[in-house]
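[1] Sequence below, structure please.
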Amino acid sequence: MIDTRNVKGITRDEVVEMMVGREVSQTYPKREHNIGDEVLRVENLRQKGKDAKVNFTLHSGEVLGIAGLVGSGRTETMRALFAVDYSSGGDVFVKGKKVNIHSPKNAKKSGIAFLTEDRKKQGLAVEYSVKNNIVMANLEKCMSGLFFMPGKENTIADTYIEAIKIRTPSRNKKVVQLSGGNQQKVVVSKWLNAESDIIIMDEPTRGIDVGAKLEIYELMNKMAREGKGIIFISSELPEVLGMSDRVMVMKDNAIVGELSGADINAVNVMKYAL
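    Prediction:
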């Protein structure tokens, strides 16, 4: 028990600070906007069975938010890009070079990561350990010739547990026994270990508490500072507005608007979304 307060005598920030256990100066942490060269260009990407064509770019150090109502095609477009679902054509360029993505394996080799919205069913092997999950997207780093080296696996896992502050009593702990926020950190670690430069994050803060959300936001900012390009999908409009350098709005599987700078606000997003 931290405190009991009258509703009329407390602000949202005070509630968050009591939950987190420290002072929170702002909901969405600010960062320097060091946006660099283009790392991804998508031309005329179509979901299978859909007519709408999607075109967009992503730059290093940029957080590109994707907004839209439920059913607008946000997740489906990213699943087509990552080849989780089939597409009906389109061209993808990574750092200026055209790549052929016919499977998630191709996407991973091209430096693209996809943090799915359902982390438990699609992003993690929850009955396996933290260390198993961290290395599974890049097992080659744990190999020596034909042999798997447990010592390398332990070292890699310990590096990310410390760097991303995954709260777990042991690298051998089953992921299913961690909190939602720490499970999400394991997913992020898995793709960082795969050395991905383009990170698609679909609903990364869904189902986690306020304190864990702040840590995910800070982690996103850290990845952007390191030059990674981030595509950020969220159903929570304040998140998209607060974390994005640029916002694309989708409707009926097509991009219907793009906002940047002072134009990024709720009114403009909803105008396009509706």
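[2] Now do the SS call for residue 248.
    Assigned state for residue 248: strand (three-state reduction, DSSP: H, G, I helix; E, B strand; the rest coil).
[3] Go ahead and confirm it touches residue 66.
    Yes - look at residue 248 against residue 66 with C-beta atoms under 8 Å: they come within range, at 5.3 Å. For the C-beta atoms, the positions are set from N, CA and C on the backbone; glycine is no exception.
[4] what's the longest helix in this structure?
    Taking DSSP state H as the criterion, the chain has its longest helix at helix 210-225.
[5] list the buried ones in it?
    For helix 210-225, the neighbour count (16 or more other C-beta atoms under 10 Å) marks 210, 212-217, 219-221, 223-224 as buried.
[6] Just the mean pLDDT for whatever helix or strand residue 161 lives in, thanks.
    Here residue 161 is covered by helix 150-163, with elements defined by DSSP states H and E. Mean per-residue pLDDT for helix 150-163: 93.
[7] What's the mean pLDDT across the helix or strand that comes right after it?
    Proceeding N to C from helix 150-163, the next assigned helix or strand is helix 180-193, under DSSP H and E. Averaging pLDDT along helix 180-193 yields 91.
[8] For helix 180-193, report the contacting residues that lie outside it.
    Here helix 180-193 makes contact (C-beta atoms under 8 Å, 6 or more residues apart in numbering) with 113-115, 119-120, 123-124, 126, 130, 133-138, 141, 156, 160-161, 164-168, 175, 178, 199, 204-205, 207-209, 211-213, 215-216, 219, 223.
[9] now the buried residues of helix 210-225 as a markdown table including distance to residue 152?
    Below are the buried residues of helix 210-225 laid out as a markdown table (distance: C-beta to C-beta, whole Å):
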| residue | distance to residue 152 |
| --- | --- |
| 210 | 36 |
| 212 | 29 |
| 213 | 32 |
| 214 | 32 |
| 215 | 27 |
| 216 | 27 |
| 217 | 31 |
| 219 | 24 |
| 220 | 28 |
| 221 | 29 |
| 223 | 23 |
| 224 | 29 |
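[10] just to revisit the earlier point, ok, of the contacts of helix 180-193, which come out buried?
    Among the contacts of helix 180-193, the ones that count as buried by 16+ other C-beta under 10 Å are 113-115, 119, 123-124, 126, 130, 133-138, 156, 160-161, 164, 166, 168, 175, 178, 199, 204-205, 208, 212-213, 215-216, 219, 223.
[11] Dihedrals phi and psi, residue 256?
    When quoted as degrees, to the nearest 10, the phi and psi of residue 256 stand at phi -110, psi -10.
[12] doesn't residue 249 make contact with it?
    Yes - using C-beta under 8 Å, residue 256 makes contact with residue 249 at a distance of 5.6 Å.
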